[in-house]
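Participant: Here is my input; please provide its structure:
(one chain, ligands or ions: 1)
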Amino acid sequence: MTKLEGVYLPLVTPFYDGAVDLESLRRLVDHYSGFGLAGLIMMGTTGESPTVEPDEQRAVVVETIQAVAGALPVYVGVGGNSTRHVAAGIASYESLDVAGYLVVTPYYNRPPADGLVAHYRAVAGETERPVIVYNVPYRTGVNLSNDALFEIVAAAPNVRAVKDSTGNLMQSLDLLHRAPSELSVLTGEDPMFFTSLANGAAGGILASSHLATRTFVEVADAIAKQELVRARTAWGTISPMIPSLFGESNPMPLKYCLWRQGLLRSPECRLPLTRVSAGLAATLDELTAQLAAA
Ligand SMILES: O=C(O)C1=N[C@H](C(=O)O)C[C@H](O)C1
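Facilitator: Numbering: from 1, shown residues only. The predicted model follows:
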């Protein structure tokens, strides 16, 4: 099984007049196919998975696989707080050319550590493809400890990566220090991308890499080649934009930027997400102009 490493793009789900916009989706897939990304991740947080209906999610995945035509691996986010439902969700994708699955920890029901281990053993058992454990406590109310994660990895050989969105530097550094060689640590904290790579992370799943994509890839390439100054210099050109992209609920800012760039027909998100404030829109207009001039 190939190692997961590099920059993974958690693609937005385009909408137009309230419906999924497959025309803009194909445009996005074509646009991002040539930047050296390690893969696309559909139905992540940035893909607004909570408000995309199951049949719509499948249609988006089918369309993306067709549009990418093998140029990039396509991973799929399968979330939920019922082990049975998440297992069925993974099984439902097995007939498609899906590269693997991003599986967020169960949310709302706050399972104990042994329940989390049993959950991942069960859902990973539905496939032989790579599973990426997604730990994002500020969204789920659950923090998967590093020890529990290592227990999962020992029990389920196809759990090949963790998307580390803990926002806890000490936990992330401990994870990077103790992770077994077969586990790829992919940061999901965009501001921490350079720091994580410099401390041994294999890559990142980064919403902000919708913009200045080549530079995110260059940062990862430079670190892989131990060219720290080149990596830090490249990082310095993109890291200042990240706070604005998360200044209001992700992916509202990102969709506004992609709309301004002509990659989306509409910046719309589905309720309860709305659209960026006028103040942030003005900031993003400046950012879009700077990116166009770069
Ligand atoms: O789409 C995702 O998955 C990501 N989630 C993070 C979030 O919680 O918004 C951000 C990350 O860049 C990608």
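
Participant: In contact with residue 128, which residues?
Facilitator: By C-beta atoms under 8 Å, 6 or more residues apart in numbering, residue 128 lies in contact with residue 158. No exception for glycine: its C-beta is placed from N, CA and C like everyone else's.

Participant: does it sit in a helix or strand, and which one?
Facilitator: Remark: residue 128 resides in no helix or strand, with elements defined by DSSP states H and E.

Participant: roughly how far apart are it and residue 78?
Facilitator: Noted for residue 128: a distance of 15 Å to residue 78, by C-beta to C-beta, to the nearest Å.

Participant: next one: residue 202
Facilitator: Taken as C-beta to C-beta, the span from residue 202 to residue 78 is 21 Å.

Participant: just residue 46 next, same as before
Facilitator: In terms of C-beta to C-beta, residue 46 sits 15 Å off from residue 78.

Participant: and these two? which has more neighbours close in?
Facilitator: Just comparing residue 46 and residue 78: by other C-beta atoms under 10 Å the higher neighbour count belongs to residue 78, 27 against 24.

Participant: what about stretch 56-66 and the ligand, touching?
Facilitator: No: under the criterion of C-beta under 6 Å from any ligand atom, stretch 56-66 makes no contact with the ligand; the nearest approach is 13.7 Å.

Participant: ignore the last one, stretch 112-132
Facilitator: No: using C-beta under 6 Å from any ligand atom, we find that stretch 112-132 stays clear of the ligand, coming within 9.7 Å at best.

Participant: going forward can the numbers begin at 57, since that is how I track them
Facilitator: Noted, 57 is the first residue going forward, which turns the last one into stretch 168-188.

Participant: So which bits of that stretch are buried?
Facilitator: Buried positions in stretch 168-188, judged by neighbour count with 16 or more other C-beta atoms under 10 Å: 172, 173, 175, 176, 179, 180, 182, 183, 185, 186, 187, 188.

Participant: Can you tell me which of the residues you listed is closest to residue 279?
Facilitator: The closest of the buried residues of stretch 168-188 to residue 279 turns out to be residue 188 (C-beta to C-beta; 20.0 Å).

Participant: In terms of helix, strand or coil, where does the closest one fall?
Facilitator: Three-state assignment for residue 188 (DSSP: H, G, I helix; E, B strand; the rest coil): strand.
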